[in-house]
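> Sequence plus the predicted model coming up.
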Protein chains: 4
Amino acid sequence: GDLGINGSLCKLSVPYCIFKGKAALKMDPIGPKFSKLNPDSMRIERRGCVLLTFFPAIGVRKYDWQKRQIFALSATEVGSVISLGPTDSCEFFHDPSLKKSDEGQVRKSLHIAPNSDNSGHFFNLQVTNAIQKTMDRLSVPVAKAELSVMQSAFSFILPHLMGWDRIANPMMRLAPENLPSPNIVRLPPSEVEWDR
Amino acid sequence: GDLGINGSLCKLSVPYCIFKGKAALKMDPIGPKFSKLNPDSMRIERRGCVLLTFFPAIGVRKYDWQKRQIFALSATEVGSVISLGPTDSCEFFHDPSLKKSDEGQVRKSLHIAPNSDNSGHFFNLQVTNAIQKTMDRLSVPVAKAELSVMQSAFSFILPHLMGWDRIANPMMRLAPENLPSPNIVRLPPSEVEWDR
Amino acid sequence: GDLGINGSLCKLSVPYCIFKGKAALKMDPIGPKFSKLNPDSMRIERRGCVLLTFFPAIGVRKYDWQKRQIFALSATEVGSVISLGPTDSCEFFHDPSLKKSDEGQVRKSLHIAPNSDNSGHFFNLQVTNAIQKTMDRLSVPVAKAELSVMQSAFSFILPHLMGWDRIANPMMRLAPENLPSPNIVRLPPSEVEWDR
Amino acid sequence: GDLGINGSLCKLSVPYCIFKGKAALKMDPIGPKFSKLNPDSMRIERRGCVLLTFFPAIGVRKYDWQKRQIFALSATEVGSVISLGPTDSCEFFHDPSLKKSDEGQVRKSLHIAPNSDNSGHFFNLQVTNAIQKTMDRLSVPVAKAELSVMQSAFSFILPHLMGWDRIANPMMRLAPENLPSPNIVRLPPSEVEWDR
């Protein structure tokens, strides 16, 4: 007699990918996580994000999954990308070990900057690991049309990352055990990261 | 046999918060209130709003809930924020006691103005209480990316505040007893306020 | 066992109104009309529109419903309003009797033009009736924030007027007898009108 | 006990058409295609597109369906159209036989360019068929308001083409056998085409 969603709800991955000569960039929306306070109320435990995954190229249209680097854009950082004009740039800094014993050992920065002829932006990721003494740099040129897809898709998904869609649509506020959170990628704990 | 939403629909609060040095700003969408005219028709009794709550800081990352001040943005005021350009400013005046015996005793103004280097806007709230002879001023700097999040989220929620989503989606027009209004915060009557 | 929408779906009117000194402007989205081709397929019979209703003022905050004039914006005209910049103007011409015996007898024009200080637009409706030898002019000043609400709400509703939401959401393609069209205002045939 | 969508879900076509003197342009959103990986997970097999169909005029308001030409805009190309400014132009090249034996025999190009007085854009389609030794050219002038409708509708549909709406709305992730893909037009294999 209910929505018939018990057991029949599928996991689904719908990345948007940009493949370029030296690296590729994959974007996955990660839904928020809700928890139950009591039988009648729930709260948002962790807001969603857009997970960026960079892959270096190791040949023509071949990319190295082992050497991938991730960067999880928060709602506010998603807002930065949405409002990015043709000549704007922005930079974000993350520490995946914030408030842990190895805080500061790994530093990630994502620098988004227009290219010289204003035909698009470079997405430059730099990951410095003081323990392993490594520094990875990955850069993907994003054309104007691709940035437009990102901005449209990010504008669509932002209210969902914030949980505001559940305010707008009461049917989205079914009890958590009946309606799974729209999390689709289970991040291993070590890969979760937050803004500094 | 129905949507299975009887008893299993949860209350949910999904504020978007901006924490700054001197004060914090919390935003909560409040859904419209519908009422039944007769068994076959309903009408919108009160349009929704976006409730802004300002909190003064009383230490590092500590805010004083007791000294909070609220300002409920109407649909048209939400429209002002959505259309706010980088160098635009706007100002709204509210009287929480409009058309009551103590009309004019409490005056609220929200002034949104660009900061000097155009990197964002200040949200300045001033509340003057003639009875208690107090004047509170709370100011939160909102960065460009944060304003972009607000504008995206407000654009998403505006049709819901107006009830237009229930026109677009017939399933949202189930009888009110079956489908609760998406009101999530029950405002105490004393805190309800309207534009002058 | 189904969606439980048999008999419990309510009619709902959610106009957005702008009340000004000399006249008022009411906006109602009217959903598209679908018809069944055969048991397995349906088609859009008439696209939706946004119905504008103008009322002249007959006193302070009093408006004359008897002297109302309507103008139904088509999808393309809604697109014009959405894309209207601060200094842009546009004009639409309608004949409510197009392809009928009294074609050309009633002429309607809606002229949207920026006001002199660029703080908003005037919505000027002119209705000329050659049979009754009357000409009505109604003008409502629409502030920048109000136009922004209209543009956000129109952008939200446009895909629904076109029926594209039913492509995006398969649950919106239930058989017509199960899922009523989101038409909320039953226009009397004489009031239906189309672009020339 | 389930959504009651077994058997009662209708096929629906909701094209947006622009009829002009020398040719007409029809736009149909085509949903993505999902497939099941195992009982608990599904993946996007092919992203959706917006199918453009051009028809030459053969008289006043008469168009020749037999001589139609199609061009399927990918998500990134839809992004290009969404971000097209009043003075921007763009061009796309397709080969419907990419990676097949007759690769390169048919070449399609869509050139979107502003007209001389900036009142809109021309959509110019050129199809060269080396086997049949034919070249078809079809050009449709698209007014500013019509482009605005396209941009609003494309912005709405883009997340659906990418499958991101199924992330946002868990009810859209019912098992594929329960919830048909929103594909509405079954393209004959010969008409499927992809970006080069």
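Received, thanks. Numbers count the residues shown, from 1 in each chain, chains lettered A, B, ... in the order given.
> Show me where chain A has its helices.
Assigned by DSSP state H, the helices in chain A fall at A:75-82, A:144-162, A:164-168.
> hey, which helix or strand in chain A has the poorest pLDDT?
Sorting the helices and strands of chain A by mean pLDDT, DSSP states H and E puts strand A:194-195 at the bottom, at a mean of 40.
> A:Thr87 and A:Ala113 touch, don't they?
No. Contact criterion C-beta atoms under 8 Å: A:Thr87 and A:Ala113 do not qualify, at 9.8 Å. C-beta here means a position set from N, CA and C on the backbone, and glycine is covered the same way.
> more crowded one of these two?
Neighbour tally, A:Thr87 and A:Ala113, criterion other C-beta atoms under 10 Å in any protein chain shown: the higher count belongs to A:Ala113, 15 against 9.
> Give the full set of residues in contact with the closest residue to the more buried one other than its chain neighbours.
With C-beta to C-beta, 6 or more residues apart in numbering or on different chains as the criterion, A:Ala113 has its nearest non-adjacent residue at 4.2 Å, and that residue is A:Ser89. When contacts are counted by C-beta atoms under 8 Å, 6 or more residues apart in numbering or on different chains, A:Ser89 is found next to A:His111, A:Ile112, A:Ala113, A:Pro114, A:His121.
> Could you pick out the buried ones from those residues?
Neighbour counting with 16 or more other C-beta atoms under 10 Å in any protein chain shown marks A:His111, A:Ile112, A:Pro114, A:His121 as buried within these.
> would TSV of those with pLDDT be doable?
Below are these laid out as TSV (pLDDT from 0 to 100):
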residue	pLDDT
A:His111	98
A:Ile112	98
A:Pro114	96
A:His121	97
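> Any stretches of chain A with poor pLDDT?
For chain A, applying pLDDT under 70 flags the ranges A:1-10, A:169-196.
> would you list every one of the strands in it?
Under the criterion DSSP state E, strands of chain A are mapped to A:11-13, A:16-19, A:23-30, A:33-38, A:41-46, A:49-59, A:62-63, A:69-73, A:90-95, A:106-114, A:120-129, A:134-143, A:194-195.
> Mind checking if the first one is in reach of chain D?
Read it as strand A:11-13. Yes. Applying C-beta under 8 Å from any C-beta of the partner chain, one finds strand A:11-13 in contact with chain D at A:Lys11, A:Leu12, A:Ser13.
> which one of those residues is nearest B:Ser97?
Using C-beta to C-beta, A:Leu12 comes nearest to B:Ser97 of these, at 51.1 Å.
> That closest one: neighbour count?
By the measure other C-beta under 10 Å, the count of residues near A:Leu12 is 19.
> Leaving aside the residues adjacent along the chain, what's closest to A:Phe34?
Excluding its sequence neighbours, the residue lying closest to A:Phe34 (C-beta to C-beta, 6+ apart) is A:Met42, at 5.0 Å.
> Pairing partners for the one you found in the sheet, please.
Beta-bridge pairing for A:Met42 (DSSP bridges): A:Lys36, B:Leu12.
> Roughly how far does it sit from B:Asp28?
15 Å (C-beta to C-beta, to the nearest Å).
> ok, the two, which is more surrounded?
Using other C-beta under 10 Å as the criterion, A:Met42 and B:Asp28 rank with A:Met42 on top: 23 against 20.
> follow-up on the earlier one: format the helices of chain A as CSV; extra columns: mean neighbour count and distance to chain B.
CSV is the format used below for the helices of chain A (neighbours: other C-beta atoms under 10 Å in any protein chain shown; distance: least, C-beta to the nearest C-beta, whole Å):
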stretch, mean neighbour count, distance to chain B
helix A:75-82, 23, 4
helix A:144-162, 24, 4
helix A:164-168, 24, 4
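> Tell me which of those lies nearest to chain D.
Checking the helices of chain A against chain D by C-beta to the nearest C-beta gives helix A:144-162 as the closest, at 3.6 Å.
> and that closest one with chain D, contact?
Yes. Applying C-beta under 8 Å from any C-beta, one finds helix A:144-162 touching chain D at A:144-149, A:151-153, A:155-157, A:160.
> Mind exporting the C-alpha coordinates of that helix to PDB?
Extracted in PDB, the C-alpha atoms of helix A:144-162 (Å, rounded to 0.1, in the frame of the first residue of the first chain):
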ATOM      1  CA  LYS A 144      32.800  27.700 -22.400                       C
ATOM      2  CA  ALA A 145      30.000  25.200 -23.300                       C
ATOM      3  CA  GLU A 146      31.200  22.700 -20.800                       C
ATOM      4  CA  LEU A 147      31.300  25.300 -18.100                       C
ATOM      5  CA  SER A 148      27.700  26.200 -19.100                       C
ATOM      6  CA  VAL A 149      26.600  22.600 -18.600                       C
ATOM      7  CA  MET A 150      28.300  22.500 -15.200                       C
ATOM      8  CA  GLN A 151      26.600  25.800 -14.200                       C
ATOM      9  CA  SER A 152      23.200  24.600 -15.300                       C
ATOM     10  CA  ALA A 153      23.600  21.200 -13.700                       C
ATOM     11  CA  PHE A 154      25.100  22.800 -10.500                       C
ATOM     12  CA  SER A 155      22.200  25.300 -10.300                       C
ATOM     13  CA  PHE A 156      19.800  22.400 -10.600                       C
ATOM     14  CA  ILE A 157      21.500  20.200  -7.900                       C
ATOM     15  CA  LEU A 158      22.400  23.000  -5.400                       C
ATOM     16  CA  PRO A 159      19.000  23.100  -3.700                       C
ATOM     17  CA  HIS A 160      19.200  19.300  -3.300                       C
ATOM     18  CA  LEU A 161      22.700  19.500  -1.800                       C
ATOM     19  CA  MET A 162      21.200  21.900   0.700                       C
END
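> how far away is the residue lying closest to A:Val50 once chain neighbours are set aside from B:Ser155?
Counting by C-beta to C-beta, 6+ apart, A:Val50 lies nearest to A:Leu73, which is 4.5 Å off, once chain neighbours are set aside. Between A:Leu73 and B:Ser155 the computed distance is 19 Å (C-beta to C-beta).
> got the buried residues for stretch A:131-148?
So stretch A:131-148, judged by 16+ other C-beta under 10 Å, has buried residues A:Leu138, A:Ser139, A:Val140, A:Pro141, A:Val142, A:Ala143, A:Lys144, A:Ala145, A:Glu146, A:Leu147, A:Ser148.
> next one: that stretch to chain centre, how far?
14 Å (C-alpha atoms, centre = their mean, to the nearest Å).
> Same check on stretch A:78-96?
For stretch A:78-96, the distance to the chain centre is 13 Å (C-alpha atoms, centre = their mean).
> now do the same end-to-end measure for it.
Using C-alpha to C-alpha, to the nearest Å, one end of stretch A:78-96 lies 18 Å from the other.
> so who does the closest residue to A:Met135 other than its chain neighbours touch?
Using C-beta to C-beta, 6+ apart and skipping the chain neighbours, the partner closest in space to A:Met135 is A:Thr128 (4.9 Å). For A:Thr128, the contact set (C-beta under 8 Å, 6+ apart) comprises A:Val106, A:Arg107, A:Lys108, A:Thr134, A:Met135.
> beta partners for A:Thr128?
Going by DSSP bridges, A:Thr128 forms beta bridges with A:Arg107, A:Met135.
> And it, how far from chain C?
43 Å (C-beta to the nearest C-beta, to the nearest Å).
> how near is that residue to A:Val106?
7 Å.
> how long is stretch A:105-124 from one end to the other?
20 Å.
> again with stretch A:135-154
End-to-end distance for stretch A:135-154, by C-alpha to C-alpha: 29 Å.
> tell me the contacts of A:Lys144?
So A:Lys144 contacts A:Pro86, A:Ser119, A:Gly120, D:Ser80, D:Ser83 (C-beta under 8 Å, 6+ apart).
> I'd like these laid out as CSV, including distance to C:Cys17.
Formatted as CSV, the contacts of A:Lys144 follow (distance: C-beta to C-beta, whole Å):
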residue, distance to C:Cys17
A:Pro86, 38
A:Ser119, 46
A:Gly120, 44
D:Ser80, 38
D:Ser83, 34
